[in-house]
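# Just to be clear, the model below is a prediction. Sequence and coordinates:
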Amino acid sequence: MHKGIVPRFSDIKEYLKRGIEICLELRVPYSGLAGMCGIPPCGLDGDLRCFPDLQRVVRQGGELDFIKLAGCVDCSFNEHCFGVRRQYIEIYGYNEIHPISIPDLMV
């Protein structure tokens, strides 16, 4: 992971959201943002439209590259999020990572 290749979540957020809006308008299915290769829900402001395939995370031991901050415990998505890749935190820090509150998140 290199700074010149991996963008900040905040730099791509609006583009991803706009792409998802277009998919919704055209009824084009999309998925994958919630997985290990995706973006954590806080990176897209917890917008549920961005995560149609959101599921509870099943730990399998390959998550050592991921970090969860102390505040993640208070996030509505905590059980549905792997966290943030360690390399992302090393490059950009953790200022973009924050708990999201969605009352009665039913997933």
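Here it is on my side, so go on.
# Quick check: the gap between the spatially most distant residue from the centre of the chain and residue 19.
Ranked by distance from the centre of the chain (Cα atoms, centre = their mean), the top residue is residue 26, with 23.4 Å. Distance of residue 26 to residue 19, given as Cβ to Cβ, to the nearest Å: 11 Å. Every C-beta, even on glycine, is put in place using the N, C-alpha and C of the backbone.
# Model confidence for the residue most central in space within the chain, exactly?
Ranked by distance to the mean C-alpha position of the chain (Cα atoms, centre = their mean), the top residue is residue 40 at 1.4 Å. Residue 40 is assigned 92 on the pLDDT scale.
# Hmm, residue 83 and it touching each other?
Yes - with contacts counted by Cβ atoms under 8 Å, residue 40 reaches residue 83, the gap being 6.8 Å.
# picking that back up, and the closest residue to the residue nearest to the centre of the chain other than its chain neighbours, how far is that from residue 26?
Nearest non-adjacent residue to residue 40, counting by Cβ to Cβ, 6 or more residues apart in numbering: residue 81, 5.2 Å away. Distance, residue 81 to residue 26, by Cβ to Cβ: 28 Å.
# residues contacting residue 94?
By Cβ atoms under 8 Å, 6 or more residues apart in numbering, the residues touching residue 94 are 67, 69, 84.
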